[in-house]
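Visitor: Let's see this in three dimensions:
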Amino acid sequence: MSDRLNDDMLPDLPADVRRPAYDRRAIGTGIVHLGVGAFHRAHQAVYTDDVLAQDPRWGIVAASLRSPDTYDALQPQDGLYTLSVRSQEGEALRVIGSIRRVIVAPREIESLLEVMTDPQTRIVTLTVTEKGYCHDPATGALNEAHPDIVHDLAYLRTPKSAPGFIVEALRRRRMNGVPPFTVLTCDNLPANGRTVKRVLTRFAELVDPELGRFVAEEVSCPSTMVDRIVPATSDQDRERIAQSLGVADAWPVVTEPFTQWVIEDRFPQGRPGWEKAGVEFVSDVEPYEHMKLRLLNGSHSTLAYLGYLSGYETVADAMADEAFVRLIRGLMDEEVTPTLHMPPGADLEAYRSALVTRFRNPALKHRTWQIAMDGSQKLPQRLLGTVRDRLQADAPIRRLALGVAAWMRYVTGIDEKGAAIDVRDPMAARLRALADRAAGSAESLAGELFAVREVFGDDLPRDPRFTGTVTEALARLFAQGARRTVSDWIEPGR
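Guide: Numbers count the residues shown, from 1 in each chain. Predicted coordinates for the structure are as follows:
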């Protein structure tokens, strides 16, 4: 199919394909987004698309901090792409038009800084994943030895990192008398607004103490909770969607019907009317953040490592195994939920039940391997925070410990059949070296990995309730494999 999706093609799309309900030529740039991946395009860009007809000031300029792939796909399409919402009932297609322009940061550094400095830009949003903040996941502090941070402090005007771009743009705005933009992180970090504020303030302090005070006192960083499952787009997805559209789309995104966005309402320079699109504005996001990080993301990571080791390609495949359903329901009901403190009216039972349904959605081909990426950055938020709360309450952690042990087994880089695992993690080489040093001993491997302070901190490796249970689970995974361990782990006598 030679024709590509673009503005000129919109009128000719099939009648059942929803398209922008506004004149794209009339929208301005109110938002700069860093990290233009599939999640942003299935979540924040969709909410923004919903409100542009009422307020056209909030178009998005989206920047990739690394790869040109998204630019190469979307620029010939005038920034347009297709959102495919898939469920057991079928597929609904919608063309999203809120992204006005895509920038590849490494080759357009000054262009990105110029648009971030423009007074019309009042919000900078981020989906750069946990590792993109160049921080220590165990403490939430800026990792001042991170290579990108070292570079950015030495070469302020040509940054590489998200903190570097944001602080340099804020420095320029301050110098020009332009009020600071709001920084809105949409990544899975604990207290994500406060965490990004801590990272940015420290970076700015290292540039100039006065700039550090300015960031600390003047820059708003609301906390958020985002929730939508977005698998990687496959070639089969592209082919199917092209057939439905009648034109090619180089990079559609596929997602589920469920979507949620909860935000602290702190936007000194204004914001879109996202509440009209279903965003919940609250005074305190933390309860919702814990709910999502611990119930959805913690379960997802547990499913990813154990499912991959069991030979299940997708989450839905794993959840077709009733032993996995029992494990995940028990994890959510008995170990995670007692650590949550939700506001009145929140229905945790409905949320947990919905998660099981979402995980079982066979129309979403969400690969366990994809979810397993960057585990060293994810474990502290997804599982270890819950572990700490359970230990403080002197409560059991067997299911949580099994998820941690499965991560340890996974990062050895060798699966249960002796085949290589393509471990994608910023610490992959270090973790593999530790695994090789353990020489196949579960006890030695656990000891080596517990010493990775960036993941486990200083407290957990000293608590035998944690180390003992994880080591026991890891030994079981080596001895009898993941599928059998999932079946009988909660019944230690079997």
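Visitor: got the contact list for A169?
Guide: Applying CB atoms under 8 Å, 6 or more residues apart in numbering to A169 gives the contacts L113, M116, T117, V124, F181. Every C-beta, even on glycine, is put in place using the N, C-alpha and C of the backbone.
Visitor: top of these by neighbour count?
Guide: Neighbour counts for those (other CB atoms under 10 Å) peak at F181, which has 27 neighbours.
Visitor: so what's K365 scoring on pLDDT?
Guide: We have a pLDDT of 89 for K365.
Visitor: TSV for the contacts of A169, including pLDDT?
Guide: Converted to TSV, the contacts of A169 look like this (pLDDT from 0 to 100):
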residue	pLDDT
L113	98
M116	98
T117	98
V124	98
F181	98
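Visitor: which among the residues you listed gets closest to A42?
Guide: Minimum distance to A42 across the contacts of A169 is 19.5 Å, recorded for V124 (CB to CB).
Visitor: As a markdown table, the contacts of A169 with secondary structure and distance to K292 would be great.
Guide: Formatted as a markdown table, those follow (DSSP: H, G, I helix; E, B strand; the rest coil; distance: CB to CB, whole Å):
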| residue | secondary structure | distance to K292 |
| --- | --- | --- |
| L113 | helix | 33 |
| M116 | helix | 28 |
| T117 | helix | 33 |
| V124 | strand | 22 |
| F181 | coil | 25 |
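Visitor: tell me which of these is nearest to G307?
Guide: Set against G307, the nearest of the contacts of A169 by CB to CB is V124 (35.6 Å).
Visitor: Could you give the bridge partners of that closest one?
Guide: Under the criterion DSSP bridges, V124 forms beta bridges with V32, V183.
Visitor: How about the contacts made by it?
Guide: Counting by CB under 8 Å, 6+ apart, V124 touches I31, V32, H33, L34, M116, I166, A169, F181, T182, V183, L184.
Visitor: And those residues, which is closest to G59?
Guide: Checking the contacts of V124 one by one against G59 (CB to CB), the nearest turns out to be I31, at 7.2 Å.
Visitor: Is the closest one in contact with R57, as I believe?
Guide: No - here I31 does not reach R57: they are 9.4 Å apart, not a contact under CB atoms under 8 Å.
Visitor: circling back to that earlier point, mind giving me the ChimeraX select for the contacts of V124, buried ones only?
Guide: Listed next is the ChimeraX selection for buried residues among those, using 16 or more other CB atoms under 10 Å:
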select :31,32,33,34,116,166,169,181,182,183,184
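Visitor: With distance to A248 added, can I get the contacts of V124 in a markdown table?
Guide: Output for the contacts of V124, formatted as a markdown table (distance: CB to CB, whole Å):
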| residue | distance to A248 |
| --- | --- |
| I31 | 28 |
| V32 | 28 |
| H33 | 24 |
| L34 | 28 |
| M116 | 32 |
| I166 | 35 |
| A169 | 35 |
| F181 | 35 |
| T182 | 37 |
| V183 | 36 |
| L184 | 33 |
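Visitor: out of the contacts of V124, who's nearest E349?
Guide: Of all those, L184 has the smallest distance to E349: 30.4 Å, by CB to CB.
Visitor: Low-confidence regions, this protein specifically.
Guide: Applying pLDDT under 70 to the chain flags the ranges 1-2, 491-494.
Visitor: That one - how does it break down into domains?
Guide: Per automatic domain parsing, the structural domains of the chain span 7-282, 286-488.
Visitor: ok, now how distant is A92 from D16?
Guide: In this view, A92 and D16 are 8 Å apart by CB to CB, to the nearest Å.
Visitor: the more surrounded of those two?
Guide: The residue with more neighbours, out of A92 and D16, is A92; 14 against 8, by other CB under 10 Å.
Visitor: Help me confirm that the more buried one comes into contact with P14.
Guide: No - assessed by CB under 8 Å, A92 is found out of contact with P14, at 12.0 Å.
Visitor: So for these two, which residues contact both of them?
Guide: Residues within reach of A92 and of P14 at once, by CB under 8 Å, 6+ apart: there are none.
Visitor: Quick check: chain neighbours aside, which residue is closest to Y47?
Guide: Of all residues not flanking Y47 in the chain, A277 sits nearest, at 4.6 Å (CB to CB, 6 or more residues apart in numbering).
Visitor: Identify the residues contacting the one you found.
Guide: By CB under 8 Å, 6+ apart, the residues touching A277 are V46, Y47, D50, V51.
Visitor: Type out the PyMOL command that picks the buried ones from these.
Guide: Selection of buried members from those for PyMOL, criterion 16+ other CB under 10 Å:
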select buried, resi 46+47+50+51
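Visitor: Which phi and psi values does the residue nearest to I99 when sequence neighbours are not counted adopt?
Guide: Excluding its sequence neighbours, the residue lying closest to I99 (CB to CB, 6+ apart) is G79, at 4.2 Å. For G79, the backbone dihedrals (degrees, to the nearest 10) come out as phi 80, psi 0.
Visitor: any idea how far F281 is from G79?
Guide: 27 Å.
Visitor: The two: which is more packed in?
Guide: Comparing G79 with F281 by other CB under 10 Å, the one with more neighbours is G79, at 24 against 16.
Visitor: shouldn't V411 be in contact with R430?
Guide: No - with contact defined as CB under 8 Å, V411 does not count as touching R430 (9.6 Å).
Visitor: Looking at these two, which one has more neighbours?
Guide: The neighbour comparison of V411 against R430 (other CB under 10 Å) goes to V411, with 25 against 14.
Visitor: re the thing from before, how much space between the residue nearest to Y47 and T48?
Guide: A277 sits 8 Å away from T48, going by CB to CB.
Visitor: And for R19?
Guide: 15 Å.
Visitor: Mind checking which of these two has more residues around it?
Guide: The neighbour count for R19 versus T48, taken as other CB under 10 Å, is higher for T48 (26 against 16).
Visitor: Next, that one: secondary structure please.
Guide: Assigned state for T48: helix (three-state reduction, DSSP: H, G, I helix; E, B strand; the rest coil).
Visitor: what sits against it?
Guide: Listed by CB under 8 Å, 6+ apart, the contact set of T48 reads I31, W58, G59, I60, S98, P272, W274.
Visitor: from the residues you listed, which is closest to D488?
Guide: Nearest to D488 among those: W274, at 46.6 Å, using CB to CB.
Visitor: neighbours around the closest one, how many?
Guide: W274 has 19 nearby residues by other CB under 10 Å.
Visitor: right, and it touches T259 too?
Guide: No - contact criterion CB under 8 Å: W274 and T259 do not qualify, at 12.0 Å.
Visitor: picking that back up, with the contacts of A169 in mind, which one is nearest to P287?
Guide: The closest of the contacts of A169 to P287 turns out to be V124 (CB to CB; 25.5 Å).
Visitor: so how far is F39 from the closest one?
Guide: V124 is 16 Å from F39, where distance means CB to CB.
Visitor: Ok, V247 next?
Guide: For V247, the distance to F39 - CB to CB - is 24 Å.
Visitor: Three-state assignment for the nearest residue to V17 once chain neighbours are set aside, please.
Guide: For V17, ignoring the flanking residues on the chain, the nearest one in space by CB to CB, 6+ apart is L93 at 4.8 Å. Secondary structure, three-state DSSP: L93 is strand.
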